[in-house]
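Student: From the sequence below, what's the structure:
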Amino acid sequence: MVTFSLCMIVKNEAAVLRRCLSSVADLMDEIIIVDTGSDDNTKEIAAEFTDQIYDYAWTDDFAAARNFAFSKATMEYIYSADADEVVDEENRIRFRQLKQVLMPEVEIVQMYYVTPPEYNTSSNFMKEYRPKLYRRLRTFRWIDAVHETVCLEPIVFDSEIEILHLPQSLHSSRDFRLFGLAFAREGRLSAKLHSMYAKELLISGEDQDFADAVPVFEATLIRPEATGDMVKEAVCVLCHAYRTAGQTDRFFSMAFKLMPDSLCAELCCEVGSHFFDRGDYQEALQWFETAAYRTEAVIDIRRSGSVPLFALSECYGKLAEALGTASPFLPEHQELIRQCEEQAERYRKEAREWEIPAE
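Tutor: Numbers count the residues shown, from 1 in each chain. Prediction:
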């Protein structure tokens with residue numbers, strides 16, 4: 001049977017830490033808690049489960065803190081967990097089975113990460129694979145009979161274990177600040193962070209968050225090494241920022257960068273919202289219909305599902321109101337009002353029934 005070290009970094013997690021540790025403590029062979037500055041009783045709760053508790057001066061760098069936690073591990077594999085995660089009984093059984101059968105050549109085990117929709121700020125699926133278990137010491141192997149070389153690709157096993165992510169609040173504001181700090185330090189974001197930043201903005205960002213992000217994504221458009229996906233992400237974020245700031249000329253100038261060949265659901269939603277805000281509901285309808293049925297999302301899958309569907313319902317509701325105000329007693333208007341109200345209810349129902357794909 002292989003051995004596991006649990007490594008966690010925590011700060012002010014008293015509300016959820018005991019729940020997390022109670023669900024996994026007996027599956028682990030050692031527990032390492034790295035505290036980055038708690039001023040509640042987080043460390044007292046951690047002490048109920050382990051004496052390996054370390055203080056670490058926070059530097060706005062999660063990677064550095066996790067590296068420190070990993071450096072304290074001594075078992076064969078390291079399980080990385082956050083305090084707002086829970087392993088239920090069905091998955092505890094799967095965990096025990098994994099300990100029994102895990103082959104030593106496996107270097108990374110992926111597990112499903114399951115987040116309730118109301119707390120999902122960075123995923124287009126109900127559950128997705130994430131690397132959660134890492135072999136502490138890696139054995140390098142030579143491959144190829146001729147022109148031999150060292151195999152650098154890790155051996156990854158996709159398990160059936162599901163980790164329940166049950167936060168008590170959103171972390172978007174924290175993440176936005178760290179994205180900004182990373183950009184300020186490096187002058188750029190990696191493709192991964194760039195994508196995560198765009199996704200979190202579109203899912204949970206407020207107008208000020210978009211305004212703060214403008215320099216980051218404007219810089220992307222002048223980076224010669226920026227990928228096509230990064231350019232699409234930047235255009236979509238900037239279109240939203242310019243639209244909500246009332247910068248119409250900049251908004252359309254940016255939107256044209258993806259028209260017509262790279263049209264995506266996110267951009268269609270932005271153009272539809274522009275016309276909706278100006279009371280041009282007929283034009284808005286065309287763009288929201290395109291978002292829902294004729295384009296694909298490149299950042300936030302909701303922009304090709306519930307977002308334009310609810311918007312279509314709103315458009316038809318506004319058209320019904322306008323017809324009722326203009327000439328409420330004309331028979332032909334009564335029929336149009338009825339049709340608009342039916343369409344509004346149809347799209348509202350479709351939006352409510354729409355779900356994020358399972359995986």
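
Student: make it CA atoms for all contacts and neighbour counts henceforth
Tutor: Noted.

Student: Need the nearest residue in space to residue 100, chain neighbours excluded.
Tutor: Nearest residue to residue 100, sequence neighbours excluded (Cα to Cα, 6 or more residues apart in numbering): residue 1, at 5.0 Å.

Student: Now do the strands in the stretch 151-300 of the chain.
Tutor: Assigned by DSSP state E, counting those that start in this stretch, the stretch 151-300 of the chain shows strands spanning 156-165.

Student: count of residues packed around the residue nearest to residue 100?
Tutor: Residues lying near residue 1 (other Cα atoms under 10 Å) number 11.

Student: looking at it, it is touching residue 101, isn't it?
Tutor: Yes - contact criterion Cα atoms under 8 Å: residue 1 and residue 101 qualify, at 7.4 Å.

Student: Span of stretch 215-233 from start to end?
Tutor: Length of stretch 215-233, first residue to last, Cα to Cα, to the nearest Å: 14 Å.

Student: Show me what counts as buried in it.
Tutor: 216, 217, 220, 221, 230, 231, 232, 233 (16 or more other Cα atoms under 10 Å).

Student: and after the worst-scoring helix or strand of the chain on mean pLDDT, which helix or strand comes next?
Tutor: Within the chain, judged by mean pLDDT, DSSP states H and E, the helix or strand with the poorest mean is strand 142-143; its value is a mean of 74. From strand 142-143 onward toward the C-terminus, using DSSP states H and E, the following helix or strand is strand 149-150.

Student: Which helix or strand contains residue 49?
Tutor: Here residue 49, judged by DSSP H and E, is contained in no helix and no strand.

Student: how much space between residue 247 and residue 239?
Tutor: 9 Å.

Student: Between the two, point out the one with more neighbours.
Tutor: More neighbours surround residue 239 than the other of residue 247 and residue 239, with 25 against 12 (other Cα under 10 Å).

Student: For that one, which non-adjacent residue is spatially closest?
Tutor: The shortest distance from residue 239 to any non-neighbouring residue, by Cα to Cα, 6+ apart, is to residue 251 (5.2 Å).

Student: Give me the average confidence score over stretch 242-254.
Tutor: Computed over stretch 242-254, the mean pLDDT rounds to 96.

Student: Can you list the buried residues in it?
Tutor: Neighbour-count burial for stretch 242-254 [16+ other Cα under 10 Å]: 242, 243, 244, 251, 254.

Student: chain center to that stretch, what's the gap?
Tutor: Remark: stretch 242-254 is offset 26 Å from the chain centroid, using Cα atoms, centre = their mean, to the nearest Å.

Student: And stretch 172-183, by the same measure?
Tutor: Remark: stretch 172-183 is offset 14 Å from the chain centroid, using Cα atoms, centre = their mean.

Student: just stretch 247-258 next, same as before
Tutor: 26 Å.

Student: Give me the contacts around that stretch.
Tutor: Outside stretch 247-258, the residues that touch it by Cα atoms under 8 Å, 6 or more residues apart in numbering are 232, 235, 236, 238, 239, 240, 242, 243, 267, 271.
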